[in-house]
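Trainee: Sharing a model that was predicted from the sequence below.
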Amino acid sequence: NSKVIQTPRYLVKGQGQKAKMRCIPEKGHPVVFWYQQNKNNEFKFLINFQNQEVLQQIDMTEKRFSAECPSNSPCSLEIQSSEAGDSALYLCASTPDSAETLYFGSGTRLTVL
Amino acid sequence: TQTVSQSDAHVTVFEGDSVELRCNYSYGGSIYLSWYIQHHGRGLQFLLKYYSGNPVVQGVNGFEAEFSKSDSSFHLRKASVHWSDSAVYFCAVRDQGGRALIFGTGTTVSVSP
């Protein structure tokens, strides 16, 4: 069973509000990924980190989305101004190496009203 | 951009039956293919992967998959399904940048008693 912990499990926000979710990666896993899974089971890669450094991110992440993985603190993903289209399951995954198997948390389900 | 196609959105089988879930990918150079399972309301769990060697790979819980370069396929199989195999199954390919996984839209498997 995965030891990646995501909080909160559910998050409800109004349009324009900030939405922040957290992820504690599995111990010993320096690489962290964030994915967005919509209701049609389409996955969108958002960003990944190795330790505190961003490895790769998509354009969407560079605008309203921000993420960080500070040392000795949970990783976080924040949407500065939520939109209805951001409603989705946000999945965090960690891995010992970016080329290896991903270990996923249970996700944060964001609903933007 | 590499793509992954899962042609069956939904498969219904009886307990004890065999099942095959299809996955086709677009070739982008080096190969890294994997399958994940997602039970309702949970994150994804790794089943198996292929990147070289024997084209038939064994995974957890009796699952296996076979890589075919000529067919650009990586189909998942199980000889005898159990009710607990009811879930959504995702095929994934590593992107050409070598870091993020690109997921298919999943196949929902429903196992009837």
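Mentor: Received the coordinates, thanks.
Trainee: From here on, just use CA atoms for contacts and neighbour counts.
Mentor: Noted.
Trainee: So which residues of chain B form strands?
Mentor: Applying DSSP state E to chain B gives strands spanning B:4-5, B:10-14, B:19-21, B:24-25, B:33-38, B:44-50, B:56-58, B:63-68, B:73-78, B:87-94, B:101-103, B:107-112.
Trainee: Mean neighbour count and mean pLDDT for the ones you listed - can I get that in TSV?
Mentor: Shown next, in TSV, are these (neighbours: other CA atoms under 10 Å in any protein chain shown; pLDDT from 0 to 100):
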stretch	mean neighbour count	mean pLDDT
strand B:4-5	20	94
strand B:10-14	15	97
strand B:19-21	19	98
strand B:24-25	22	94
strand B:33-38	22	96
strand B:44-50	22	95
strand B:56-58	17	97
strand B:63-68	20	96
strand B:73-78	22	97
strand B:87-94	25	95
strand B:101-103	25	92
strand B:107-112	19	97
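Trainee: Without its sequence neighbours, what residue ends up closest to A:Q50?
Mentor: Distance criterion CA to CA, 6 or more residues apart in numbering or on different chains; nearest residue to A:Q50, sequence neighbours excluded, is A:V31 at 4.4 Å.
Trainee: need the contact list for that neighbour.
Mentor: A:48-51, A:94-98 (CA atoms under 8 Å, 6 or more residues apart in numbering or on different chains).
Trainee: Pull the most distant pair out of those residues.
Mentor: Within the contacts of A:V31, A:N48 and A:P96 form the most distant pair, 12.8 Å apart (CA to CA).
Trainee: and B:S70, how many neighbours?
Mentor: 6 (other CA atoms under 10 Å in any protein chain shown).
Trainee: what's the distance between it and B:Y25?
Mentor: Distance, B:S70 to B:Y25, by CA to CA, to the nearest Å: 11 Å.
Trainee: Check what pLDDT the residue of chain A found nearest chain B gets.
Mentor: Closest approach between chain A and chain B, counting by CA to the nearest CA: A:S106, at 4.0 Å. Per-residue confidence at A:S106 stands at 95 (pLDDT).
Trainee: A:P8 is in contact with that one, correct?
Mentor: No - counting by CA atoms under 8 Å, A:S106 does not reach A:P8; the two are 10.0 Å apart.
Trainee: Spatially central residue in chain A, please.
Mentor: With distances taken as CA atoms, centre = their mean, the residue of chain A nearest its centroid is A:W34 (3.6 Å).
Trainee: For that one, list each beta-bridge partner.
Mentor: Assessed by DSSP bridges, A:W34 has beta-bridge partners A:I47, A:C92.
Trainee: which of A:S106 and A:P8 has more neighbours?
Mentor: Neighbour count, other CA under 10 Å: between A:S106 and A:P8, A:S106 has more, with 24 against 14.
Trainee: Quick one: the strands in chain A, in order.
Mentor: Going by DSSP E, chain A shows strands at A:5-7, A:10-13, A:19-24, A:31-37, A:43-50, A:53-57, A:65-68, A:75-79, A:88-95, A:103-104, A:108-112.
Trainee: Any part of the shortest one near chain B?
Mentor: Yes - Strand A:103-104 lies within reach of chain B by CA under 8 Å from any CA of the partner chain, at A:103-104.
Trainee: Let me see the residues that make contact with that strand.
Mentor: Here strand A:103-104 makes contact (CA under 8 Å, 6+ apart) with A:2-4, A:26, A:91-95, B:43-46.
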